[in-house]
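Asker: No letters, just coordinates:
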């Protein structure tokens, strides 16, 4: 297990990154902007830092330069997780001090693999979550192990008006073999269901265009 600091100003992205890291067995520290991130890094001395680039105030490039200029923190691996994915963006991030660069929306397998390569050897074994079909069953909850495994071919409708949430769920379901349909609100979902048969619906509740209760 590693102690990982996540510096991210977007609450949804922060939540998703924290979820992935905790699922991989790591302890997660968080900061909502660059200034708070630098303070947390100096105070906590984490094993690795995951940092957004586009942040108000102190951006990711400035955070990276400050960390690499600090003798006590310059050896801490620094991973950029950012929507900047154009030609030259990775090189600019590395030039500022980042050790690696991962684009948003995050692909869980790529993210965890990149992170594992940056961690000290003794912490790497904790970074790879078990595949879904290898998870232990829970007799107390009455789960059938056969139902915990992916079931390729089933059709899942995801209803959510937040693009980052849809992208995250797609990255989990499509590699497992599910056919995934998406709708950005309740009204769009109902219209789609009139012409498509689905096996499961995953719906947000708070949405502007027809909420989950409707």
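Answerer: Looks like it arrived, so ask away. From a predicted model like this one, the values you see are computed outputs, not experimental measurements.

Asker: can you tell me the distance between the two ends of stretch 18-28?
Answerer: 6 Å (C-alpha to C-alpha, to the nearest Å).

Asker: Just the residues contacting stretch 192-202, thanks.
Answerer: 154, 155, 156, 157, 158, 159, 160, 169, 181, 183, 189 (C-beta atoms under 8 Å, 6 or more residues apart in numbering). Placement of C-beta: from N, CA and C, glycine included.

Asker: Which residue is the nearest non-sequential neighbour of the last one?
Answerer: So the one you mean is residue 189. In space, and not counting its chain neighbours, residue 189 is closest to residue 183: 3.8 Å by C-beta to C-beta, 6 or more residues apart in numbering.

Asker: so how far is residue 57 from that neighbour?
Answerer: Computed as C-beta to C-beta, to the nearest Å, the residue 183 to residue 57 distance reads 36 Å.

Asker: Over to residue 64?
Answerer: Relative to residue 57, and taking C-beta to C-beta, residue 64 is found at 15 Å.

Asker: Ok, residue 158 next?
Answerer: Taken as C-beta to C-beta, the span from residue 158 to residue 57 is 34 Å.

Asker: Those two: which is more packed in?
Answerer: More neighbours surround residue 158 than the other of residue 158 and residue 57, with 21 against 10 (other C-beta atoms under 10 Å).

Asker: right, and that one touches residue 181 too?
Answerer: Yes: the pair residue 158 / residue 181 is scored as a contact, 7.2 Å apart, by C-beta atoms under 8 Å.

Asker: Mind pulling up the pLDDT for residue 170?
Answerer: Residue 170 carries a pLDDT score of 78 in this model.

Asker: Contacts only, for it.
Answerer: Going by C-beta under 8 Å, 6+ apart, residue 170 touches 158, 180, 182.
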